[in-house]
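Visitor: Let me see the structure of the following:
(chains A and B)
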Protein chains: 2
Amino acid sequence: MTASAEPEIVSSQKCFGGTQSVYRHHSTETGTSMRFGVFLPPQASAGPVPALYYLAGLTCTEENFIVKAGAQRVAAELGIALIAPDTSPRGLAYPGEDDAYDFGTGAGFYVDATEAPWRVGYRMASYIARELPALINAHLPIDPARTGIFGHSMGGHGALTLALKYPDLYKSVSAFAPIVAPMRCPWGEKALGLYLGPDRAAWQAYDATALVEARGWAGPPILIDQGTADPFLERELKPDLLREACAARGVALTLRLQDGYDHSYFFIATFMADHIRHHARYL
Amino acid sequence: MTASAEPEIVSSQKCFGGTQSVYRHHSTETGTSMRFGVFLPPQASAGPVPALYYLAGLTCTEENFIVKAGAQRVAAELGIALIAPDTSPRGLAYPGEDDAYDFGTGAGFYVDATEAPWRVGYRMASYIARELPALINAHLPIDPARTGIFGHSMGGHGALTLALKYPDLYKSVSAFAPIVAPMRCPWGEKALGLYLGPDRAAWQAYDATALVEARGWAGPPILIDQGTADPFLERELKPDLLREACAARGVALTLRLQDGYDHSYFFIATFMADHIRHHARYL
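Guide: Predicted coordinates for the structure are as follows:
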């Protein structure tokens, strides 16, 4: 199966007048079979619709967002497709791939790895930004010119870094409790070190705060929701680092601290409609 | 731990301005530790709120509804608590308890069993209708006079039969794809036969269609949504049997056939808001 082959439908179920499907395909970037979710709103039967990519966090598959986020309702109302990829290749059987929740399987960190053995299959940045949209745009009623991206935690990091690196590809970006500065937190330092090697200069392309400092962002305001009861807030997430970088560069950031919310999909579901409406304004 | 002891909090997370919790307690009806979900809307901090009990289907625990149904949003808006019990006792280790998905663990069918060994612990009817509300009303800001009940599939059967048997306890009832006539479908005949024995006269107290025929229902319209692409529709669910019984008894039934929807939580989530608003009118 080549990159131009049809993705294969795993499941397809009616939901809020649209269709929630799961597909699988052979990825040339990862060298594995990859799954992804697609919600097509009812408006897609009349013509191409904008697409909003959602990148999930550590340990997740494509399923978490589909089942737990409650996103389909508002996407159906606004006529937006939701694309939910997996968080890593699976089954490559590299040594150590399944040893920890925060590295390897379920923890691709949306980078193109450069260290052996990861550099062969752990190419999630190119997979998300290039291969998957090409596949989706070729086979589904999606308008490629209207793409937004958001995500949660590690996936918020992925959404921010991909939008900042490829502003031509993404018209809007938002995140729930993102890792905004992986160069300066334990999750990020571990993953970037193992995927990219010890030279920290190479990490900057995968650090949202460093990317804002280096490149800015001329798109619409970046929306971030962060729960104040999130157990990872101080050690891993550190939204103030991004806030400072955005302030220094004049980048519009709407950072909302949500009192008493934690890191879970109960938090995400609560503010999901706000995020989809935010993207809809710019797509 | 006795029935009057405090239920113990397993988890508690902020969600749509309210709190989604899971509790466990020792049940005197089942003789086991039982878990249940409670969503308290923000209005509960100001005083007692109505409660809507949701009974889940085969194989489910208290978690499915909490995570997949997207119910908290509308419950928070309308000020209604959501109570999500488990679907059976767990861990009794009766012979055969874990052999099939449609009997025993995860398949209590909301009956008080009379056959050995099930009659000791499989007392889900009394647990749901009596023990659990007494516990909840004693420990949480719930108005006991304003209680509704709904459910899915086996849980739709549970909701309908409990409301019809105890109209003094439930002001409103609705269901998603319920088993409306377990005496006349394979799931029901198996479960009722094993829990209640071969005398089918004893089954009538747990058959919604037979209960409507015998007792009617003087409450507000019964709302039922049923997907036309539900794979269990013709063999197990048979909503026409209930429709005929309601017509014969003059019972108000709103039976909506939803084109293309299946038996999943994507179907349930799509129509969840309609159901909660239906209950809110009468609670």
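Visitor: can you pull the contacts of the residue nearest the centre of chain A?
Guide: Taking Cα atoms, centre = their mean, the centroid of chain A lies closest to residue A:55, which sits 2.3 Å from it. Under the criterion of Cβ atoms under 8 Å, 6 or more residues apart in numbering or on different chains, the contact partners of residue A:55 comprise A:85, A:87, A:110, A:128, A:149-152, A:154-156, A:158-159. No exception for glycine: its C-beta is placed from N, CA and C like everyone else's.
Visitor: Kindly reformat those residues as a markdown table containing pLDDT and neighbour count.
Guide: Output for the contacts of residue A:55, formatted as a markdown table (pLDDT from 0 to 100; neighbours: other Cβ atoms under 10 Å in any protein chain shown):
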| residue | pLDDT | neighbour count |
| --- | --- | --- |
| A:85 | 98 | 27 |
| A:87 | 98 | 25 |
| A:110 | 98 | 26 |
| A:128 | 98 | 27 |
| A:149 | 98 | 28 |
| A:150 | 98 | 32 |
| A:151 | 98 | 33 |
| A:152 | 98 | 29 |
| A:154 | 98 | 30 |
| A:155 | 98 | 31 |
| A:156 | 98 | 28 |
| A:158 | 98 | 34 |
| A:159 | 98 | 28 |
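Visitor: Quick one, grab the pLDDT at residue A:6.
Guide: With respect to pLDDT, residue A:6 scores 83.
Visitor: so how far is residue B:97 from the residue sitting furthest away from the middle of chain A?
Guide: Farthest-out residue of chain A from its mean C-alpha position, per Cα atoms, centre = their mean: residue A:46, at 27.3 Å. Separation of residue A:46 from residue B:97 (Cβ to Cβ, to the nearest Å) stands at 51 Å.
Visitor: coming back round to it: the contacts of residue A:55 in helices, which ones?
Guide: When DSSP state H is applied, the contacts of residue A:55 are split such that A:154-156, A:158-159 fall in helices.
Visitor: backbone phi and psi for the residue in the stretch 101-250 of chain A that chain B sits nearest to, please?
Guide: Residue nearest to chain B within the stretch 101-250 of chain A: residue A:229 (7.0 Å; Cβ to the nearest Cβ). Backbone torsions for residue A:229, taken as degrees, to the nearest 10, come to phi -100, psi 20.
Visitor: Which secondary structure state does the closest residue in space to residue A:142 that isn't next to it in sequence sit in?
Guide: Among residues not flanking residue A:142 along the chain, residue A:51 sits closest, at 4.7 Å (Cβ to Cβ, 6 or more residues apart in numbering or on different chains). Assigned by DSSP: H, G, I helix; E, B strand; the rest coil, the conformation of residue A:51 is strand.
Visitor: go on, residue A:168?
Guide: Classified using three-state DSSP, residue A:168 is coil.
Visitor: ok, now residue A:11?
Guide: Judged by three-state DSSP, the three-state class of residue A:11 is strand.
Visitor: What residues sit buried inside the longest helix belonging to chain A?
Guide: Of all the segments of type helix in chain A, defined by DSSP H, the longest one is helix A:265-280. Within helix A:265-280, the residues that count as buried by 16 or more other Cβ atoms under 10 Å in any protein chain shown are A:265-273, A:275-276, A:278-280.
Visitor: Which two among these are spaced furthest apart?
Guide: Between any two of those, the greatest separation by Cβ to Cβ is 23.2 Å, found for A:266 and A:280.
Visitor: what are the ranges of the helices in chain A?
Guide: According to DSSP H, the helices that chain A contains are A:63-68, A:72-78, A:118-121, A:124-126, A:132-139, A:154-165, A:186-196, A:208-215, A:239-249, A:265-280.
Visitor: can I get those in TSV with distance to chain B?
Guide: Rendered in TSV, the data for the helices of chain A read as follows (distance: least, Cβ to the nearest Cβ, whole Å):
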stretch	distance to chain B
helix A:63-68	5
helix A:72-78	7
helix A:118-121	31
helix A:124-126	26
helix A:132-139	20
helix A:154-165	18
helix A:186-196	21
helix A:208-215	26
helix A:239-249	18
helix A:265-280	4
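Visitor: Return the most buried member of those.
Guide: Among those, judged by mean count of other Cβ atoms under 10 Å in any protein chain shown, the one packed with the most neighbours on average is helix A:154-165 (a mean of 28).
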